[in-house]
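1. Everything below, folded, please.
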Amino acid sequence: MKEVIETTAQAGGAAGVEAGNSVGNNAGNSVGGKQSDTTRPATGAALAAALFAPRSVALIGASSDIAKNTARPMRFMRKHGYGGSLYPINATRAEVLGEKAYPSLAAVPGPVDHAFVMVPGSQVEAALAQCAASGVKVVTVFSDGFAETGEAGMAAQQALVRKAAEAGVRLVGPNSIGVVNVAAGAVLSVNAVFEMDELHAGPISLVSQSGSMLGALLSRGAARGLGFAKLASVGNESDVGVGELVDLLVDDAETGVILLFLETIRDAAVLGPALRRARAAGKPVITYKLGRSAQGEALAQSHTGALAGNDAAVDAFLRKHGVMRVEMLETLFEAAPLAQRYGSRVPALARPPRVAVVTTTGGGAATVVDRLGLSGIEAVAPPDAFIAHMAARGVRIRQTPIIDLTLAATSAQYKDLVEQLLQSDWCDAVLCVAGSSAQFHPELAVRPIVEAAGSGAGKPLLAFLAPEAAASLRVLQAAGVAAFRTPEACADALAQLFQAARAPADSGDAPAPQAWPRGLPLAGDLSEYEAAQVFAALGVPIAPLALVPAGEAHHGIPYPVVAKICSRDILHKTDVGGVRVGVRDTRELEQAGAAILASVARAAPAARLDGILVQRMEDKLLELMLGYRDDPLVGPVVMLGAGGIAAELHADVSLRPAPVTREEAVEMIGEVRSTALVRGFRGLPRGDMDALADAIVRFSRLAALHEVRVREAEINPLFVRADGVVGVDCVVRLAEADAQDAQDARH
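-> As a prediction, this is how the structure comes out:
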């Protein structure tokens with residue numbers, strides 16, 4: 001619970017009148033009126049300056065009681081050396097913590113760049129009006145009681161955002177624990193972590209959707225000797241969000257690596273381009289995101305929904321943009337030196353990465369090697385030529401995946417071996433594992449690693465310390481060598497470093513808009529006949545088909561055929577007995593049609609029926625599935641997976657944000673294990689992989705349709721043949737009209 005805050009409400013009449021006058025006179029002129037240049041919301045460099053480097057700060061609701069949260073920002077700013085103007089706003093006090101206080105913003109003698117609001121939620125709107133009247137550029141709202149509390153709180157938050165936008169004020173929060181510029185001592189936060197005597201400045205910036213984790217991560221990182229540049233808690237993310245903050249940090253000269261603690265993704269359309277800019281600028285982004293389990297996910301009732309869950313879609317989104325998504329919280333900050341030093345230099349490997357492991361503790365090294373194997377990284381033994389090369393230099397090693405130097409080498413020889421490994425061409429990274437000597441003799445255990453790291457080689461070098469060895473950790477961190485306390489974090493960081501390097505380069509070219517076929521509905525579920533027309537218009541091969549009215553049997557499809565019910569109300573036809581295969585002639589088609597209609601009448605009596613769909617029987621080498629989903633967190637994703645009715649049982653899938661490139665389509669094919677059966681496995685017939693890649697690319701262009709929004713789509717199965725691919729069963733589900741209108745309004 002937040003402590004009781006001294007506010008204008010506690011002061012009674014005079015303060016209330018003064019606040020009301022400011023809102024009525026000044027703010028009223030800008031709110032709801034035509035914006036002038038001075039009321040345009042700050043963006044880019046102007047926003048960054050007001051947010052992280054304000055020349056003046058107002059602390060609205062600052063308390064004189066040092067026991068309260070609301071006294072902390074004042075103390076923290078003074079303690080850590082903020083050099084700008086600081087204005088505590090307190091209607092009942094002439095001074096706060098020994099400094100002059102002001103009853104309202106209107107009484108402040110100079111301009112204010114950034115206001116930190118700590119009044120109760122019911123009074124935030126009045127505080128915002130004061131900020132608007134005084135020309136404040138950014139308002140960070142610590143106060144809670146908004147969207148996190150339910151519908152009424154959400155309505156209050158939306159009203160706050162509207163009024164801020166009308167007045168040209170940018171909002172951070174509500175429910176934000178604050179923003180910090182470490183080097184400048186600008187600590188606009190109530191987080192108790194800033195009680196620490198000294199803040200260590202460095203290249204790491206952190207954006208967190210959890211206020212408490214902001215302090216926890218800073219504390220943990222500082223204990224490892226890591227320094228920070230900027231920190232921001234987005235709170236409810238009503239205006240300034242994670243994506244915009246990442247974009248600002250890309251241009252921040254003090255930021256070298258960006259860490260994200262995410263609970264969800266609210267602004268994928270902004271975050272995606274920001275992540276691409278970060279990658280192009282050589283600023284790695286490392287993310288820890290909650291939500292890997294399936295609990296709480298609301299999935300659509302289809303194969304695509306079950307297989308392309310929210311977290312799988314988020315994972316694909318982050319991979320596409322070169323983000324290192326780590327499994328362990330500790331890895332989030334421990335991986336920062338590794339990513340900053342080598343992130344832009346690691347090659348995109350088409351094979352599993354190979355790492356040379358040097359150790360003075362065989363058991364400790366084995367724990368990392370085992371974990372590396374789970375991450376697809378191979379610990380490789382040195383080749384004969386390298387063994388001979390080192391023997392000539394006086395260092396004898398064996399041809400094993402772990403190069404064990406226990407009691408066999410001097411410090412100088414250890415350093416020489418690591419330097420030679422860094423210059424070799426048979427491994428992609430070098431991992432040094434230190435044993436008990438790291439705890440008591442850092443000069444012996446880690447000094448050779450530090451010295452080798454300064455040799456200038458660009459190959460990743462990292463260390464795992466098996467014992468608890470704080471002194472050695474500090475020595476390594478001070479030298480910029482990534483050091484890890486657990487084998488899991490070490491392997492996770494290295495695997496993600498190489499994974500991020502494989503992200504596709506940003507071409508900057510948006511796909512051409514795709515036209516919607518004339519005559520088809522613009523909302524709701526399509527029938528299979530209509531869905532097939534959509535895919536055909538995109539260039540995806542679909543088996544020839546014809547729609548036959550109930551009671552008729554005339555069509556132009558050669559026998560044998562498949563007969564299927566056609567209805568916008570029935571997406572999964574086998575569930576209602578709506579499919580008959582192997583129909584050989586007109587008589588059998590009449591019988592099949594009658595049986596299908598009778599079965600559907602029993603299973604789905606309310607369904608609207610268009611007739612019987614007749615489709616040519618197709619041969620195949622393999623059944624796959626193409627799926628598409630407009631994910632609520634990251635937007636359109638396309639999926640390739642094992643096909644047929646057992647698709648959900650196999651969970652053999654690959655996902656990418658849509659639309660995909662040809663290169664991404666080829667990667668997807670390689671990631672689906674089932675495709676090995678048609679890629680030359682044990683002499684089996686080969687399928688047409690070029691045609692499959694083309695079909696994936698064309699199918700993914702559902703994301704480029706400009707007249708409708710496709711909510712979900714499937715081709716299941718998609719038959720892979722020796723001479724092409726062909727879709728057999730088609731589903732398209734469009735957003736309802738009101739949802740489409742809402743999307744159009746947002747864009």
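2. Give the residue farthest from the middle of the protein.
-> For the chain, the largest distance from the centre (C-alpha atoms, centre = their mean) belongs to residue 587, which lies 56.2 Å off.
3. Pretty sure that residue sits in a helix.
-> Yes - under DSSP: H, G, I helix; E, B strand; the rest coil, residue 587 falls within a helix.
4. low-confidence ranges in the stretch 201-350 of the chain?
-> 292-309 (pLDDT under 70).
5. ok, which stretches of it are strands?
-> With DSSP state E, counting those that start in this stretch, the ranges of strands along the stretch 201-350 of the chain come out as 201-208, 228-233, 257-262, 285-289, 324-325.
6. would a markdown table of those strands with mean neighbour count and distance to residue 348 be doable?
-> (C-beta placed from N, C-alpha, C; glycine too.) Output for those, formatted as a markdown table (neighbours: other C-beta atoms under 10 Å; distance: least, C-beta to C-beta, whole Å):
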| stretch | mean neighbour count | distance to residue 348 |
| --- | --- | --- |
| strand 201-208 | 24 | 24 |
| strand 228-233 | 27 | 28 |
| strand 257-262 | 25 | 19 |
| strand 285-289 | 23 | 17 |
| strand 324-325 | 26 | 14 |
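7. mind putting those strands in JSON lines, distance to residue 373 included?
-> As requested, those are exported to JSON lines (distance: least, C-beta to C-beta, whole Å):
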{"stretch": "strand 201-208", "distance to residue 373": "30"}
{"stretch": "strand 228-233", "distance to residue 373": "34"}
{"stretch": "strand 257-262", "distance to residue 373": "27"}
{"stretch": "strand 285-289", "distance to residue 373": "23"}
{"stretch": "strand 324-325", "distance to residue 373": "19"}
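8. Which of these sits closest to residue 472?
-> When the strands of the stretch 201-350 of the chain are ranked by proximity to residue 472, the top entry is strand 201-208, at 19.2 Å, counting by C-beta to C-beta.
9. Strands of the stretch 401-550 of the chain, start to end?
-> Under DSSP E, counting those that start in this stretch, the stretch 401-550 of the chain gives strands at 402-404, 429-434, 461-465, 482-484, 545-548.
10. I'd like these as a markdown table, with mean pLDDT and mean neighbour count appended.
-> Shown next, in a markdown table, are those (pLDDT from 0 to 100; neighbours: other C-beta atoms under 10 Å):
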| stretch | mean pLDDT | mean neighbour count |
| --- | --- | --- |
| strand 402-404 | 94 | 22 |
| strand 429-434 | 95 | 27 |
| strand 461-465 | 95 | 26 |
| strand 482-484 | 94 | 27 |
| strand 545-548 | 95 | 19 |
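11. So for residue 336, which of these sits nearest?
-> Counting by C-beta to C-beta, residue 336 lies closest to strand 482-484 out of the strands of the stretch 401-550 of the chain; the figure is 7.8 Å.
12. on that earlier part again, residue 221 is nearest to which of the strands of the stretch 401-550 of the chain?
-> strand 482-484 (12.6 Å).
13. which neighbours does the closest one have in its sheet, and in what orientation?
-> Sheet pairing here is set by DSSP bridges, and for strand 482-484 it gives strand 461-465 (parallel).
14. can you list the residues that contact the partner strand?
-> Strand 461-465 is contacted by residues 338, 364-365, 368, 418, 422, 429-434, 438, 446, 449, 452-453, 472-473, 476, 481-487, 490, 493-494 when judged by C-beta atoms under 8 Å, 6 or more residues apart in numbering.
15. circling back to that earlier point, so which of the strands of the stretch 401-550 of the chain comes closest to residue 121?
-> Comparing the strands of the stretch 401-550 of the chain by C-beta to C-beta, strand 482-484 comes nearest, at 42.2 Å.
16. which other residues reach the closest one?
-> 224, 331, 334-338, 341, 446, 462-465, 472-473, 476-477, 490, 493.
17. Recalculate using a threshold of 6 Å.
-> The contact list for strand 482-484, computed with C-beta atoms under 6 Å, 6 or more residues apart in numbering, reads 334, 337-338, 462-464, 473, 476, 490.
18. same deal with stretch 536-547?
-> By C-beta under 6 Å, 6+ apart, the residues outside stretch 536-547 that reach it are 517, 529, 532, 535, 555, 557, 566, 611, 613-616, 618, 695, 698-699, 701, 726-728.
19. next one: phi and psi at the closest residue to residue 113 other than its chain neighbours?
-> Closest residue in space to residue 113, ignoring its immediate chain neighbours: residue 54 at 3.7 Å, by C-beta to C-beta, 6 or more residues apart in numbering. Here is the backbone geometry of residue 54 (degrees, to the nearest 10): phi -70, psi 140.
20. cool, residue 251 as well?
-> phi -90, psi 0.
21. ditto for residue 699
-> phi -60, psi -40.
22. In contact with it, which residues?
-> By C-beta under 6 Å, 6+ apart, the contact set of residue 699 is 540, 626.
23. Likewise for residue 450?
-> Counting by C-beta under 6 Å, 6+ apart, residue 450 makes contact with residue 479.
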